[in-house]
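[1] sharing a model prediction with you, sequence too.
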Amino acid sequence: MAASVAAATRRLRRAIRRSPTWQSPSHRPLSSEPAAAQASAVRAAFLNFFRDRHGHRLVPSASVRPRGDPSLLFVNAGMNQFKPIFLGTVDPRSKMAGFRRVANSQKCVRAGGHHNDLEDVGRDLSHHTFFEMLGNWAFGGEYFKEEACSMAWELLTQVYGIPEERLWVSYFDGDPKAGLDPDLETRDIWLSLGVPASHVLSFGPQENFWEMGDTGPCGPCTEIHYDLADGVGAPQLVELWNLVFMQHNREADGSLQPLPQRHVDTGMGLERLVAVLQGKHSTYDTDLFSPLLSAIHQGCRAPPYLGRVGVADEGRTDTAYRVVADHIRTLSICIADGVFPGMSGAPLVLRRILRRAVRFSTEILKSPPGFLGSLVPVVVETLGDAYPELQRSSAQIADLVSEDEAAFLASLQRGRRIIDRTLRSLGPSDMFPAEVAWSLSLAGDLGLPLDLVELMLEEKGVQLDSAGLERLAQEEAKHRAQQAEPVQKQGLWLDVHALGELQRRGVPPTDDSPKYDYYLRPSGGYEFGTCEAQVLQLYTEDLTAVASVGKGQRCGLLLDKTNFYAEQGGQASDRGYLVRAGQEDVLFPVARAQVCGGFILHEAVAPECLQIGDQVQLHVDKVRILPDFPIPCSPFTLPTPCPHPGPWVTKVFQAWRLGCMEKHTATHLLNWALRQTLGPGTKQQGSHLNPERLRFDVATQTPLTPEQLRAVENTVQEAVGQDKAVYMEEVALALTAQVPGLCSLDEVYPDPVRVVSVGVPVAHALDPASQAALQTSVELCCGTHLLRTGAVGDLVIIGERQLSKGTTRLLAVTGEQAQQARELGQSLAQEVKAATERLSQGSRDGVEAHRLSKDIGRLIEAVDTSVMPQWQRRELLATLKMLQRRANTAIRKLEMGQAAKKTQELLERHSTGPLIVDTVSAESLSVLVKVVRQLCEQAPNTSVLLLSPQPVGKVLCACRVAQGATPTFTAEAWALAVCSHMGGKAWGSRVVAQGTGSTADLEAALSTARAYALNQL
């Protein structure tokens, strides 16, 4: 008996490890199923259960665009938005800091990155790129294993009515290598809830130990599985719910340490749960997908959906149904959340999803043009009540999907023509050139997936040069790495253990309100207050907490208060210094300040000993430097360690802080000006600023025109010229919720929150009846700002590029840099005007025409790379390219005239015959080639080779063989023989060729040409 039980257990373990996909419809129907419930009711029942029965706060789903988490392409789990709590970095003033038990339904996308289900979608009956994750959380030990398991069991069996005998559970069996014991506590909890011992299985870390990443919070988990077989034959288990008990932290060295606080993190896929409750063997058969599948059938010329997979799915029709249904849901959700198809990162993944959907819908389902966009209202109908952003963005989503679908189909047609043209030039055994395939691909011009290019070639029986393609991919990766923005060096950072220890000791968060302690002097300059503070904790570079640091040591300082702005909200950190009370002649330079869970950590280098309890004074506006010590080249750097006594030298760190204030206020004015120009629905997608320039990402359907860019600048200039007052005030977050026009981002804001209003007092701006926020810039912002707009001086947008479809990145400068940009723009505009006049006057000879063409080319490069107004750059480049075309046309006309004249001279000099070998004066190789071509047109049975001597001994060569020449007589070989004689090179084809060389003996070169030709003739 024991042996049979052990064997059965092993079989069950294998079954769970396989995580089987849903069976095909040919499998027998489910029995003993609870009554079917609509997906919306299932979702609502989950949320109501945790809110009403167990006191959970319901929180909205986060956007699928990760908030401040560069490790993710998309939000792929319900816990993503709560990472700050798990890591201990949550702002103690934010609403999230007060979360204890919460529940929600989170939009998740698993495509690209570590979790990537894209290529599996369609092949089976369960994979999706978009899905909903139902979850409940308990933070800081609010409840743990017993309550989590009990709630889950109660919901599944009592609320959803799933028969207990259909449920199985697994728990963590321990990991001796990591020193982790089996989670017998969880096992005993399940047994106490009535789960039969035969339905309680244990597994190792691969199945039942959950980790956030390579490092970070982690812990054992317990999974609840559902048996599709209902006791008939071997169990067929699918995972329903995963309950994670976060109680460890994975360190950088791979070891595990206890977390300061324990948390519960659970996740259950809505689609799979609905399939179970509706008695379906496939998530695609539920009411989450059936309206879409029906719409696809009605809109295409395909047979109805039958749910087949593998070889049974002839023509891959049902696969295509699943791909299109899944992908249009993902596209709709992502676009509604501000992720648009693009060329890198998450936008590139979304672009691949869209084009994969287009391929399956057009090639297999034979859908008409614009079909994908027509499915968007169906997605909105099924998901819009749960996620209202879909309803708000429905038209935009449909338009964008349809536009990209049309663009891809046009690219597909062009791609087929290019492939056919290339194949005509290949030999029977030639491979398809990697360069052409690359130009067709997503990395090249047309954006066709490489697997599609390979499939198109495979259908024609042609092999692709895979080795060449791999080489091009490596070169592209190298180029991207070189073009990427440099990664900032990671400063000192308080980890979850350091933060937990501070909280355990009751250390209060850093009071950083003194960062707003500055005012305008009557003279117009800014006065920044100093800040008296006490050292609460010191850290070494490896984050070891110490009582003191010594001379020359890089360290982290935690103070009770600070006037330094720590980097956040897109604004760079302040720089400055601190001095110890009673020792004002010793400066501790502070390179940066970072906020970690409400604590401001100052990164400094200690010129002398510093210890806990020391009283210090912080400065962000000036620094002392010895008379014989030169001021650094950059006003934003400081010698380390700082020298000792000397006179005050001001405006070093003041320039940094003022530069940030100037750029931040300018950013708000730019945001407002964009909404004034493009419409009130224009949304900021992100920003970053430092004293040198600002970067602003804005959601746009099309690139901004030069006229719009200029209008935006003019609107900012108007506000700057009026020198409006900038009002700042902290208010309750709730007061900002219903203010028309008030700008905020998808961020977690503190409560109270700081409001920055330009020209209008905050109280008036927040009065909904005033509509003031529609007339001026009013934003939620924790940054430091100017007190009047006039100090911005000027703003010039110097750069613009599309990050993705629907997102434009703007670069701008202010103040003196903006004035310099305008002056340079005017200077270049004068040069373009002069070039236009030169071209209008005409060129008498080719030399002058070529000189003008080169001057225009140099101007194009100068305009393209200079720091100048972007609207002006676009206008000047358009003018210059037109001038370039006109100049090239003029050159061609001059060359054709010169060639015709020289052709007549040569024909008069040579009697008709099979060969002309001679010299002729020509200003360029282009002219020489034209002379050869015209000679052969007038004497088609004559083979021609001409040499043209140039300055300093250089010789140009061009030739063409007659139509009736022998097959062994080729122009390329002829030119190569002559140019090799002159120590040069040649290139061309069998009929026409050209080359260059150097020789003082032209007669010898001509003799070589004649001898070679006569030998071939």
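    On my side now, so go ahead. Since this is a predicted model, take the numbers as computed values, not measurements.
[2] okay, now the nearest residue to P182 once chain neighbours are set aside: neighbour count?
    Leaving aside its sequence neighbours, P182 sits nearest to G174 (C-beta to C-beta, 6 or more residues apart in numbering; 3.9 Å). The way it works is simple: take the backbone N, C-alpha and C, and place the C-beta from them, glycine included. When counting by other C-beta atoms under 10 Å, one arrives at 20 neighbours for G174.
[3] was I right about G174 contacting L180?
    Yes: contact status for G174 versus L180: in contact at 5.3 Å, counting by C-beta atoms under 8 Å.
[4] starting at the chain centroid, how far to the helix or strand hosting Q206?
    Secondary structure assigned from DSSP states H and E places Q206 in helix 205-208. Distance, stretch centre to chain centre, for helix 205-208: 32 Å (C-alpha atoms, centre = their mean, to the nearest Å).
[5] and the contacts of it?
    Helix 205-208 is contacted by residues 16-17, 170-173, 175, 178, 180, 183, 202, 220-223 when judged by C-beta atoms under 8 Å, 6 or more residues apart in numbering.
[6] return the subset of those residues lying in strands.
    170-172, 202, 220-223 (DSSP state E).
[7] what is the least confident helix or strand in this structure?
    One helix or strand of the chain scores below all others by mean pLDDT, DSSP states H and E: strand 648-650, with a mean of 30.
[8] what's downstream of it, the next helix or strand?
    Proceeding N to C from strand 648-650, the next assigned helix or strand is helix 653-678, under DSSP H and E.
[9] now do that next one, average pLDDT.
    Averaging pLDDT along helix 653-678 yields 92.
[10] and the spatially most central residue of the chain, how close does it get to S804?
    The residue lying closest to the centre of the chain (C-alpha atoms, centre = their mean) is G345, at 4.0 Å. As judged by C-beta to C-beta, to the nearest Å, G345 and S804 stand 8 Å apart.
[11] and what of E405?
    Between E405 and S804 the distance is 16 Å, computed by C-beta to C-beta.
[12] how about N242?
    If you measure N242 against S804 using C-beta to C-beta, the figure is 33 Å.
[13] okay, and for this structure, where does confidence drop off?
    The chain contains residues with pLDDT under 70 at 1-36, 113-115, 442-445, 482-490, 621-654, 843-846.
[14] how does it divide into domains?
    Using the TED database, the domain ranges for the chain come out as 36-287, 309-425, 426-482, 496-623, 656-818, 911-1015.
[15] for those, which one sits closest to H297?
    domain 309-425 (7.9 Å; C-beta to C-beta).
[16] now that closest one, how far from the centre of its chain.
    Centre-to-centre, domain 309-425 and its host chain are 20 Å apart (C-alpha atoms, centre = their mean).
[17] how about stretch 859-878?
    With C-alpha atoms, centre = their mean as the basis, stretch 859-878 stands 26 Å off its chain's centre.
[18] cool, stretch 67-75 as well?
    How far stretch 67-75 lies from its chain's middle: 10 Å, per C-alpha atoms, centre = their mean.
[19] 8 is where my numbering starts, stick with that
    In the new count, where the first residue is 8, that last one comes out as stretch 74-82.
[20] count of neighbours near D131?
    For D131, the neighbour count with other C-beta under 10 Å is 18.
[21] that one contacts V316, doesn't it?
    Yes: counting by C-beta under 8 Å, V316 is a contact partner of D131 at 5.8 Å.
[22] quick one: contacts for the residue nearest to the centre of the chain?
    Applying C-beta under 8 Å, 6+ apart, we find G352 in contact with L80.
[23] from A972, how far out is N215?
    80 Å.
[24] of the two, which one has the most company?
    For N215 versus A972, neighbours defined as other C-beta under 10 Å are more numerous around N215 (25 against 20).
[25] and I607, that's in a strand?
    Yes: assigned with DSSP: H, G, I helix; E, B strand; the rest coil, I607 falls within a strand.
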